[in-house]
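Visitor: need a structure here:
(one chain, ligands or ions: 1)
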Amino acid sequence: MIGRRMTMNTLQGKRIVLGITGSIAAYKAAVLARALIKKGAEVQIVITPAGKEFITPITLSALTSKPVISEFFAQRDGTWHSHVDLGLWADAMLIAPATASTIGKMAHGVADNMLVTTYLSMKAPVFVAPAMDLDMFAHPSTQHNLEILRSYGNHIIEPATGELASHLTGKGRMEEPEKIVEVMESFFARKQELAGRRIVITAGPTYEKIDPVRFIGNYSSGKMGYALAESCAERGAEVILVSGPVNLRISHPNIRKVDVESAAEMYDAAVSAFKEADAGILCAAVADFTPETVAGSKIKREGDGLTLRLKPTKDIAAALGQQKRASQLLIGFALETNEEITHAKEKLARKNFDFIVLNSLNDKGAGFRTDTNKITIIDRQGITPYPLKSKKEVADDIVDRLANLF
Ligand code: C5P
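Guide: Numbers count the residues shown, from 1 in each chain. Predicted coordinates:
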């Protein structure tokens, strides 16, 4: 979710395609359209056939002073509505409410109506405000599709928890129109403060081969590093994301992904990319040890046991810390289980970081594989603890800090 900073009116003159789908929350879309227009935005509504069952196009066109688009062709004169033109016209597309069905179609490119077709042609940032019953929202299919949309760089405005049209209570209520407007205002307020900067980010685990079918790995999901890449890219930075093997997708025109597997491959990619970079954020959980030799064929189950001899890997962070020029910034991470602050401070100095982000395995909701994180930022001036937040919000906090240092 996007941070909700208080902002000035950044929607003035913005062209917004507002997509409305068939959810009971469609009645709130009229209030939403009105609120966007009051902020000075120009709103073009695209509605699905099911959306029209919940709110009439007449209400919407009266509010927006524009005909509502629903069909591929205008009914009366047969004029073609160009989704491509809409995709180029808009400064943002907002789909509110977004049903499970529309979210699924968007995730998989099922362009059987004007709204999804417009979405697929959209050049501008896309915001999605889901609205549905709690069980539909919680279903793995919906969650998976939302994850896919996130990986396309779309911004999901999480639904709120409360009473639903079914009279059940749970998560699924479309976020209130004024909150949605706030999210969009805050998005447009975000300056392209990292434009012209090149940032190397390492993310995910490394796999150290034992034999052709086995490896030593770790639980890192890459979520924190990918959220950092997205946050830097949104602010205009050119990002080189050096990623270990993860199950995440990311696509943003500013992000170039370099896939690696082992600590040695990550070292080579990161060291080479850092030479031309303004900053490095080292978020990967790099193996500290790797097998001395890799068996050429699958190791057989023989004898009483197996002893693997491991040798240390090269410390990417320490190498970059050493080669760092005065104009470059280097940010590290520390995941500690005991004497966290002391260990983190020691790493800050030893690896020559400008600041270090500490996440503790002792905090619930922090660390590997979670969608949330609770961090403490430590630099030479002091220690700043942050509350538990989503990894995207945590990424925004870290990138705020980085941007201030430039
Ligand atoms: O020493 P430790 O592994 O705890 O340090 C963590 C920090 O160092 C992280 O920022 C991690 O990405 C980085 N690191 C690295 N290369 C290694 C080991 C750790 O870049 N081989």
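
Visitor: Contacts only, for the residue of the stretch 101-250 of the chain found nearest the ligand.
Guide: Nearest to the ligand, among the residues of the stretch 101-250 of the chain, is Thr202, at 5.7 Å (Cβ to the nearest ligand atom). Bear in mind the C-beta positions are built from the backbone N, C-alpha and C, glycine included. By Cβ atoms under 8 Å, 6 or more residues apart in numbering, the residues touching Thr202 are 225, 242-244, 266, 270, 280-284, 286, 316.

Visitor: Then Ala334?
Guide: Residues counted as contacts of Ala334 (Cβ under 8 Å, 6+ apart) are Glu340, His343, Ala344, Lys347, Ile356, Val357, Leu358, Asn359.

Visitor: out of those, who's nearest the ligand?
Guide: Nearest to the ligand among the contacts of Ala334: Lys347, at 5.3 Å, using Cβ to the nearest ligand atom.

Visitor: before we move on, the earlier item: who is the residue of the stretch 101-250 of the chain closest to the ligand paired with across the strands?
Guide: Here Thr202 sits in beta bridges with Val242, Leu282, going by DSSP bridges.

Visitor: So which residues on the stretch 201-350 of the chain come close to the ligand?
Guide: 202, 263, 282-284, 286, 313, 315-317, 332-334, 347 (Cβ under 6 Å from any ligand atom).

Visitor: Looking at those, which are in helices?
Guide: Judged by DSSP state H, the subset of these located in helices is Ala263, Ile316, Ala317, Lys347.

Visitor: Please name the spatially closest residue to the last one (chain neighbours excluded).
Guide: Read that as Lys347. Ala334 (5.3 Å; Cβ to Cβ, 6 or more residues apart in numbering).

Visitor: Can you point out the buried residues in stretch 166-179?
Guide: Neighbour-count burial for stretch 166-179, with 16 or more other Cβ atoms under 10 Å as criterion, is recorded at Gly170, Lys171, Gly172, Arg173, Met174, Glu175, Glu176, Pro177.

Visitor: so who does the fifth one touch?
Guide: Contacts of Met174 were listed using Cβ under 8 Å, 6+ apart, and they are Ser23, Ala25, Lys28, Ala96, Pro97, Ala129, Pro130, Ala131, Pro159, Ala160.

Visitor: And the pLDDT at the nearest residue to it once chain neighbours are set aside?
Guide: In this structure, Met174 finds its nearest non-sequential neighbour in Ala131, 3.5 Å apart by Cβ to Cβ, 6+ apart. At Ala131 the predicted local confidence, pLDDT, stands at 97.

Visitor: Now do the contacts for Ala131.
Guide: By Cβ under 8 Å, 6+ apart, the contact list for Ala131 reads Ser23, Ile24, Ala25, Ala96, Pro97, Ala98, Thr99, Pro159, Gly172, Arg173, Met174.

Visitor: same deal with Asp278?
Guide: Neighbour list for Asp278: Arg197, Arg198, Ile199, Ser327, Gln328, Leu329, Phe406 [criterion: Cβ under 8 Å, 6+ apart].

Visitor: Looking at the contacts of Thr202, which two lie furthest apart in space?
Guide: Maximum pairwise distance among the contacts of Thr202 (Cβ to Cβ): 15.6 Å, between Gly244 and Gly280.

Visitor: which helices and strands sit right next to the helix ranked longest in the chain?
Guide: Using DSSP H, we find that the single longest helix of the chain is helix 391-405. Judged by 3 or more Cβ pairs under 8 Å, 6 or more residues apart in numbering; DSSP states H and E, helix 391-405 is in contact with helix 223-234, strand 279-282, strand 329-336, strand 355-360, strand 372-373, strand 375-378.

Visitor: Include mean pLDDT when you put those into a markdown table, please.
Guide: Compiled in a markdown table, these are given as follows (pLDDT from 0 to 100):
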| stretch | mean pLDDT |
| --- | --- |
| helix 223-234 | 92 |
| strand 279-282 | 98 |
| strand 329-336 | 94 |
| strand 355-360 | 90 |
| strand 372-373 | 80 |
| strand 375-378 | 93 |
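
Visitor: Among these, which comes closest to Glu42?
Guide: Of those, nearest to Glu42 by Cβ to Cβ is helix 223-234, at 23.0 Å.

Visitor: The closest one vs strand 355-360, what angle?
Guide: Angle, helix 223-234 to strand 355-360, by axes from the mean of the first three to the mean of the last three Cα atoms, to 10 degrees: 140 degrees.

Visitor: What lies in contact with helix 223-234?
Guide: Under the criterion Cβ under 8 Å, 6+ apart, residues 153, 190, 194, 197, 199, 201-204, 239, 241, 243, 246, 248, 250, 252-255, 281, 283-284, 333, 369-371, 373, 391-392, 394-396, 398-399, 402 lie in contact with helix 223-234.

Visitor: how about the CA coordinates for that helix, as PDB?
Guide: What follows is helix 223-234 as a C-alpha-only set of coordinates in PDB (Å, rounded to 0.1, in the frame of the first residue of the first chain):
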ATOM      1  CA  LYS A 223      10.100  -9.500  -0.900                       C
ATOM      2  CA  MET A 224      12.000  -6.700   0.900                       C
ATOM      3  CA  GLY A 225      14.600  -6.200  -1.800                       C
ATOM      4  CA  TYR A 226      11.900  -6.200  -4.500                       C
ATOM      5  CA  ALA A 227       9.900  -3.600  -2.600                       C
ATOM      6  CA  LEU A 228      13.000  -1.500  -2.400                       C
ATOM      7  CA  ALA A 229      13.600  -1.800  -6.100                       C
ATOM      8  CA  GLU A 230      10.000  -0.700  -6.800                       C
ATOM      9  CA  SER A 231      10.200   2.200  -4.400                       C
ATOM     10  CA  CYS A 232      13.500   3.500  -6.000                       C
ATOM     11  CA  ALA A 233      12.100   3.000  -9.500                       C
ATOM     12  CA  GLU A 234       8.900   4.900  -8.700                       C
END
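
Visitor: farthest residue from the center of this structure?
Guide: Gly303 (48.2 Å; Cα atoms, centre = their mean).

Visitor: picking up where we left off before, how about the longest helix of the chain: buried residues?
Guide: For helix 391-405, by 16+ other Cβ under 10 Å, it's Lys391, Lys392, Glu393, Val394, Ala395, Asp396, Asp397, Ile398, Val399, Arg401, Leu402, Ala403.
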